[in-house]
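K.L.:
Sequence and predicted structure, then a few things I'm wondering about:
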Amino acid sequence: MLFFESIRDRAVNTWNQVVEKSSDGKLTKDQKFCLKFRLPEGEVVSKEIAAEIDITSKLVPGVPKRSSNIPQGKLYLTGHFLVFKDAFDSRTCSFNIHLLTVRKVERSNSDIYGLALEITTFSSTVITIFLLGMRSECERFALELRLQLKKNLKDVKKLGPFIHTCYSEYLLSKNKVIKEKFDSVPSGGLGLVFKFPGDARELKDKSKMKLWFDYFQSDGRNLSIIKTPMFYKLVRVGLPNRLRGELWEVCSGSIYLRYDNVGVYHKLLDDNKGRTSVAIEEIEKDLNRSLPEYAAYQSPEGINRLRNVLSAYSWRNPELGYCQAMNIVVAALLIYMSEEQAFWTLNSLCETIVPGYYSKTMYGTLLDQKVFESLVQQTIPILWDHIVKHDIQLSVVSLPWFLSLYISSMPLVFAFRILDIFFLQGPKTLFQVALAILKLNGEKLLKCEDDGTFIMVIKNYFQTLHLSAHGESPHPKFRQITNFQELLVTAFKEFSIITDDMIDKHRSKHRGGIFQNISTFVKRTEIRNLPKTPNLNSGTLDIIYDRFYSVVESLSLTTGGGSLMDFEAFKTFMSEICVWAQFDNPTNNNDAFLKRLFIKWDIDARHELSLSDLVRGLNTLVEPDLMTAISNFFELYDPKKRGKLDREGILEISEDLLYLTTPWKDGYVLDHLTNVAIENTIADEIIKHKTINGINDVEDEDIKLPETFNIDRQKLEQAQIERYLAGASNFIQRAFEYAQPAEDDEHPEELLIKELAIDSAFSHNKALNPNSPVTVNLPTFRMVILADETYELFFSKTFRESVQVSKPLDSKFNPIRNLRDMFDGLIADGREVANKVRRRMDSAASNALLQINNNGGYESKPPKSKLGEGEDDDEDDEDEEERDDDFGVISIDDKDRALLLGAEAQDLLIKVSESKSGSSTTANSTSTSASTDAPPTSSTSTDAQTKRMLFIATKSDTNLIDFEV
Amino acid sequence: MSFPNPVTSVKLVLLGEAAVGKSSLVLRFVSNEFQENKEPTIGAAFLTQKLTIGDRAIKYEIWDTAGQERFASLAPMYYRNAQAALVVYDVTKPASFVKARQWVKELREQASKDITIALVGNKYDLVEDDNEEDLVRKVNVEEGQNLADEEGLLFFETSAKTGYNVKDVFVAIGNKIPEATASGSDTATNQTSGEGRIDLSGGGNFNNATSGCC
């Protein structure tokens, strides 16, 4: 489903952005330089020097204009540009002259300065640069300039075709100022065909054209334009229709992108013709609803251009794709720009001017809303207090202002005026205008006590921008001032205090919070859309999510990482939450079990797990239902779902069980039975202690351990170890004992029954014969597991609890504590023990209290704690064997075993018995406390086991019902 | 226009995939209009409408949200404290139904516990003339009804274009909202009755085509 893909993408993107975030403040000097001067990314300053500038033009004869006020500042040389900015006020003079446009460089004679250069551009502008500083320094700069100019020479032929796409050149050519001939009008916006919005006469379009016509002659144009105070004035009064597109390009810097990437746009369209994507589908939905009131967007011509630009951008930047509001912005651009111009301007917008506004997480939009709120609070505190008091959602009005650059908020003619200034001055414009809107409507807004009226005030205001701001004023001059003019004055005079620096500071202050919110949101959404997992609650999923991404991230080779987990990451993940995954597998095949899990959980067989796969898998791993847990485990070894395991499978499963039980088998971790035994011992001691002291009431506070109390740790530890070893050995013996000959595939159960009935010894021999293949089916497997108390407990509790899915991410995994620590922990945790003891005493006290003097109270123990006896069983191995005998199973000595089980089984059994004998020795040497209360005879315990066996047989496998017969 | 009874305010939010007709439903309800190519909602829009059901006056405060996936992170801002939600899908777009399911899930998890949710299959006009060979409809009534039953939602199929069932959705929601949230005075609502607001005090008669402008 596409949606899930997109959610996953989003999660990845957020991670990427969080990673980006950390490096955000560390833009290189050159990157900052490019951003500041709106140069294409990648320009590197190779030389810089202090300089004074004078500008004349061969097209406008006369004396140098600025003899009195000569701009002084820094001159920079990059690979493709000569850049200057006045040191005191960049508006006095600034330029990015593309080196290709330099026609001539001459040394000029100067008495005052060390070196002066006269640069003539193709616009016939002459820039006289007086280099300041040491003579040698100036010479080096001049040399470097010559070097860079030479490097650019090879591209000079690109300039000719390019200037034919510039309306400024066409304008000069048409008016015979330059000789260049134009066969046709350069391609431009839809307005050329469908009329430009607004009344041209009212907008004084013609006189604006004339002013720009003059400007282009005196101060250059497009790639070699010089920005002087006049430039700013002319932008302020609004750009003329036919030049607007090109001047937006010049102001935004996107003209350099278009120049550097001639042909790229059309190639993108050609290469992706007929392709589709989520973005393309989204774009199609919105084509008919982008500035629908403008005539061009009711015609295929306009719709096509819009489709082309949006689609091309989605192919160029698939990570971003398409965001609603881009349709409105591009529709607006296309009124004044050609497709290619609009495309590169969209590039500048998305990547440098307002980055993150349209990205998948829209972090830029969210961030700037936060910044805007801070600025309202700071500059119009009364209104801010009012907004907070009445819980008004400011973003409902302000978010579209920023995201669609005011285009859908106010009438187009006004929105375009704002856009003119926005391209020139950057994002601070959006804030200045927004603040001015609130300020100018302040009084009315203070009367609004709900969102509805608040929105209505603003809406009405936008509809009256053309009206007089002072309609009542007696002065005709005042009456002429429209609401819009007042808005501009307020925005750019009063709120000129809002600077780029200020916005940057606010942005860095809020960035962390915004990223946090986005991550939380993405996480919540992804968790909500995970498959159903009844065994994992939402808190647990939360933790799994964090752990998943933290592991995937930390092990990912690519920056930013992916959203899938490979086997290495899976191993790390599991070893962080499962105690057994930290042990070495005695069979030297450490990963066998994890590999099995991984393959089973990798539903799509892509050799990587998604979060969904992982969660689904973990859900089965912590299955609380015993029968289901056992069959889940069985299925791991039966990938083809044959319903049975062959000899190989049986051996693998027993090997893995041996591995999985390591922490308990080696006495590192206590299982439930051992805990019960400990509690019993403690409770008995307390009761004994109380009885000695004559206290019969059972009060919480009285439950204290006698100070002299000691637990025989080694005894309990040994008991557990023995149980697990016995479990392992029982498993493999029984598994083969009850295995069915493989050739009797069709009616295995019947045969089994028959064989059991005839001669169990004989049939078992046959089953264990390595030459005759055998299988174990699920009911048999279940029976074998349930026949052993420790293994049954392992599947019903021990294993499930060993998978600590809800362990918080930041908690360090407990290094495996030894038994000693566990005891200490249990005893130290007074309340817990007290509770357990009290519960135990409540039941024990009633019937056993009187006998307590004679006996440790074992008789009165609940059935579960029978393992207390088991502890003592282990004193000799004979017991085990005998028990098996009693159980009606043939006794197999080591020799027979080797013969019967075949080589692999033998290995395994040797391993079991080796570790068994090893630990038995310890047991014998350490078990000093001679047990006074003799264990109940093994026959009792085996009786119980036989009953269990029968019960299971009846319950889980009806075919075995005749077993007893 | 005067209301004899205190006005009950209902905060209502519209959610659903892009271009399923959320804004059109609101426009139909608030202004009884339809625009063929309605601009996509950027962020959210806010509108109000008053309606009299029986002897109750209800003021709907409608938060209309942007449908595109990436705007979803803004939604909590708008469904916060909402008493009612319209989860809208397009009966000709199966993906929009999947999305609707997810919105219901999100609301159940994140919104107020007692929120009234209406599941709305819009663009009914497109499937009215469906014949058996070539079905335009891609989401069956049963599918919608099942989801509604499962989750305890109101369920309607509507057409913002023809007006079919539109008012009924809002009336059904109004009927489910308890009287407790009545606002004492009518002053606030008087202020909001600006341009384009329609009063639909139609008593028990909810004929879709009739609504008068004040």
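P.N.:
Cool, the structure landed.

K.L.:
so how far is B:P94 from the spatially most distant residue from the centre of chain B?
P.N.:
Largest separation from the mean C-alpha position in chain B: B:E133, at 32.0 Å (CA atoms, centre = their mean). In this structure, B:E133 and B:P94 are 19 Å apart, going by CB to CB, to the nearest Å. All C-beta atoms are positioned from the backbone trio N, CA, C, and that covers glycine.

K.L.:
circling back: the residue farthest from the centre of chain B falls within a helix, correct?
P.N.:
No: read with DSSP: H, G, I helix; E, B strand; the rest coil, B:E133 is coil and lies in no helix.

K.L.:
what's the spacing between it and chain A?
P.N.:
Separation of B:E133 from chain A (CB to the nearest CB, to the nearest Å): 26 Å.

K.L.:
can you pull the contacts of that residue?
P.N.:
With contact set as CB atoms under 8 Å, 6 or more residues apart in numbering or on different chains, B:E133 has no partners.

K.L.:
pLDDT score for it?
P.N.:
pLDDT, B:E133: 75.

K.L.:
Likewise for A:D270?
P.N.:
Listed pLDDT for A:D270 reads 97.

K.L.:
Run a quick neighbour tally on it.
P.N.:
By the criterion of other CB atoms under 10 Å in any protein chain shown, A:D270 has 10 neighbours.

K.L.:
Now do the buried residues in the helix or strand hosting it.
P.N.:
Per DSSP states H and E, A:D270 falls inside helix A:264-271. Buried residues in helix A:264-271, counted by 16 or more other CB atoms under 10 Å in any protein chain shown: A:V264, A:Y265, A:L268, A:L269.

K.L.:
Distance from the chain centre to it, please.
P.N.:
Relative to its parent chain, helix A:264-271 has a centroid offset of 32 Å by CA atoms, centre = their mean, to the nearest Å.

K.L.:
next helix or strand past it?
P.N.:
For helix A:264-271, the following helix or strand on the C-terminal side (DSSP H and E) is helix A:278-287.

K.L.:
Now do that following helix: everything it contacts.
P.N.:
Residues contacting helix A:278-287 (CB under 8 Å, 6+ apart): A:2, A:6, A:303, A:306-307, A:310-311, A:314, A:318, A:321-322, A:324, A:327, B:18-19, B:40, B:68.

K.L.:
7 Å instead, please
P.N.:
The set of residues external to helix A:278-287 that reach it, using CB atoms under 7 Å, 6 or more residues apart in numbering or on different chains, is A:2, A:6, A:303, A:306-307, A:310-311, A:314, A:321-322, A:324, A:327, B:18-19, B:40, B:68.

K.L.:
Ok, stretch A:633-651 next?
P.N.:
A:596-597, A:600, A:652-653, A:735-736, A:739, A:742, A:773-778, A:781, A:795, A:904-905, A:908.

K.L.:
Flag every residue of chain B that's near chain A.
P.N.:
B:18-19, B:37-40, B:42-44, B:46, B:48, B:61, B:66, B:68-70, B:73, B:77, B:98-99, B:102, B:105-106, B:109, B:188, B:191-192, B:194 (CB under 7 Å from any CB of the partner chain).

K.L.:
Make a ChimeraX selection of the buried ones in those residues.
P.N.:
To isolate the buried subset of the residues of chain B next to chain A in ChimeraX, counting by 16+ other CB under 10 Å, use the following:
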select /B:18,19,38,39,40,42,43,44,46,48,61,66,68,69,70,73,77,98,99,102,106,188,192
